[in-house]
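Participant: Predicted model, plus sequence, below.
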Amino acid sequence: MRPFKYVRASAPDAAARAVASNPQAKFLAGGTNILDLMKEDVERPNELVDVSRLMLAEIKPAGSGVSIGALAKNTDTANHPLIRKNYPLLTQAIVAGASGQLRNMATNGGNLMQRTRCQYFYDTSMPCNKREPGTGCGALEGLNRIHAILGWSEKCVATYPGDMANALYALDAVVRVRGANGRERTIPIGEFHRLPGDTPERDNDLQHGELIVAIDLPRSPFTMNYYYLKVRDRASYAFALVAVAAALEINDGTIRQARVVLGGVAHKPWRSAEAEAALSGKPASEESFRQAAEAALKDARPLAHNAYKVELAKRAIARALMRASRQA
Ligand SMILES: Cc1cc2nc3c(=O)[nH]c(=O)nc-3n(C[C@H](O)[C@H](O)[C@H](O)COP(=O)(O)OP(=O)(O)OC[C@H]3O[C@@H](n4cnc5c(N)ncnc54)[C@H](O)[C@@H]3O)c2cc1C
Ligand code: SF4
């Protein structure tokens, strides 16, 4: 591991200022991703600004919804009574991620910021436009079994690996961030992560030095009919090959509104407007769910080794919606 300076931040503004003033500095929260990346020499910050002791871990009612501190641990978030009662989809998604030990350390802000699990990104002997812009993409013509089938570019075919953000997208979350000037801005979760385009080195919309301080959730109509389905190679410590955050508002057997967000298929959580439109006003039936699944994948562009994900995603969507409607 390369030497680096360690600084413990005393307040959010001081933390943001410290990182903003050094292009090579990074925040340190639970450390479950950044420290692995540093040990593998993938990330090389010369300074870590420890934010883990800042008072940003509260989960509290806010308006008709809830505000979740960026430094609340994943475990505490999933188990919080307000989340379990009003946002059970989020609890399911968090618990589907990582392992109990990791969730005890991992923070919500760090979870949103976690980097791809593309093997070529981790292997510093291989070309990778995300790690070193302009070097090429090892996965495009390489082993791309776990990679994207939607929204990828010639520059990068990686997927965003997280679970929590998929549920947050279905629940219309907003990410609150604070810059070095002390000003806050909000980013709808759907605009937080980005597609790779020509700049895959940028995972998200955050500017250098901006600190995530909270995630705000509006009141949710999806407390009854929801399901987070995650398909992976093994039952724990594994990232999604395909995940589905499904939520339905059903009135007398008819779907009033739906949310279908896919994980493991694109560089960002992939909300399917096509599936949601196909479900709106339809009966909550297996046939409607299968049609929605077809609609969601109609523009899929599989790579050499991941065509299986197209069928897998269709089946996962139909299954998740069946579970959400309590028919399976
Ligand atoms: C073996 C293993 C399996 C895993 N499986 C899953 C899984 O199945 N699903 C899943 O979703 N995740 C999984 N994870 C990822 C894990 O959830 C993340 O590593 C964790 O959420 C990151 O949070 P952290 O607080 O430890 O972040 P850190 O490692 O401390 O930081 C990660 C990044 O976020 C930045 N950062 C941290 N906090 C902030 C903030 N407040 N504002 C701005 N930037 C910030 C840091 O600078 C760094 O770049 C797994 C991890 C491991 C090691
Ligand atoms: S898919 Fe993206 S992260 Fe993976 S090698 Fe290509 S550029 Fe790098």
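Facilitator: Nice, I can see it. Ligands and ions are numbered 1, 2, ... in the order given.
Participant: how far away is the residue of the stretch 1-150 of the chain found nearest ligand 1 from Gly134?
Facilitator: Relative to ligand 1, the nearest point of the stretch 1-150 of the chain is Gly110 (2.1 Å; Cβ to the nearest ligand atom). Where C-beta positions appear, they are placed from N, C-alpha and C, glycine not excepted. The gap separating Gly110 from Gly134 is 28 Å, by Cβ to Cβ, to the nearest Å.
Participant: who has more neighbours, those two?
Facilitator: Gly110 (25 against 8; other Cβ atoms under 10 Å).
Participant: Report the secondary structure state of the more buried one.
Facilitator: Here Gly110 is recorded as helix under DSSP: H, G, I helix; E, B strand; the rest coil.
Participant: Nearest residue to it in space, ignoring adjacent ones along the chain?
Facilitator: Ala29 (4.1 Å; Cβ to Cβ, 6 or more residues apart in numbering).
Participant: thought the residue of the stretch 1-150 of the chain closest to ligand 1 was touching Gly30?
Facilitator: Yes. Using Cβ atoms under 8 Å as the test, Gly110 is close enough to Gly30 to be in contact (5.3 Å).
Participant: pretty sure Pro200 is touching Tyr160, no?
Facilitator: No. With contact defined as Cβ under 8 Å, Pro200 does not count as touching Tyr160 (11.5 Å).
Participant: shared neighbours of these two, anything?
Facilitator: Applying Cβ atoms under 8 Å, 6 or more residues apart in numbering, one finds that Pro200 and Tyr160 are jointly contacted by His267.
Participant: if we can go back for a sec, mind checking pLDDT for the residue of the stretch 1-150 of the chain closest to ligand 1?
Facilitator: Note for Gly110: predicted pLDDT of 98.
Participant: got a list of what Glu287 touches?
Facilitator: So Glu287 contacts nothing (Cβ under 8 Å, 6+ apart).
Participant: That one looks like it's in a helix, true?
Facilitator: Yes. Assessed by three-state DSSP, Glu287 belongs to a helix.
Participant: how close does it get to ligand 2?
Facilitator: Distance of Glu287 to ligand 2, computed by Cβ to the nearest ligand atom, to the nearest Å: 36 Å.
Participant: mind checking how far that residue is from Ala318?
Facilitator: 10 Å.
Participant: next one: Met126
Facilitator: Taken as Cβ to Cβ, the span from Met126 to Ala318 is 36 Å.
Participant: Of those two, which one has the most company?
Facilitator: Ala318 (24 against 18).
Participant: my guess is that one contacts Arg290, does it?
Facilitator: Yes. Contact criterion Cβ under 8 Å: Ala318 and Arg290 qualify, at 5.1 Å.
Participant: what about stretch 46-63, distance to the chain center?
Facilitator: Taking Cα atoms, centre = their mean, to the nearest Å, the mean C-alpha location of stretch 46-63 is offset from the chain mean by 18 Å.
Participant: Give me the mean pLDDT for that stretch.
Facilitator: In the prediction, stretch 46-63 has an average pLDDT of 98.
Participant: What residues does the stretch 51-200 of the chain have near ligand 2?
Facilitator: Contact residues (Cβ under 6 Å from any ligand atom) of the stretch 51-200 of the chain with ligand 2: 116, 118, 120-121, 128-130, 137-139, 156-158, 200.
Participant: Is ligand 1 within reach of stretch 245-256?
Facilitator: No. Stretch 245-256 does not reach ligand 1 (Cβ under 6 Å from any ligand atom); its nearest approach is 12.0 Å.
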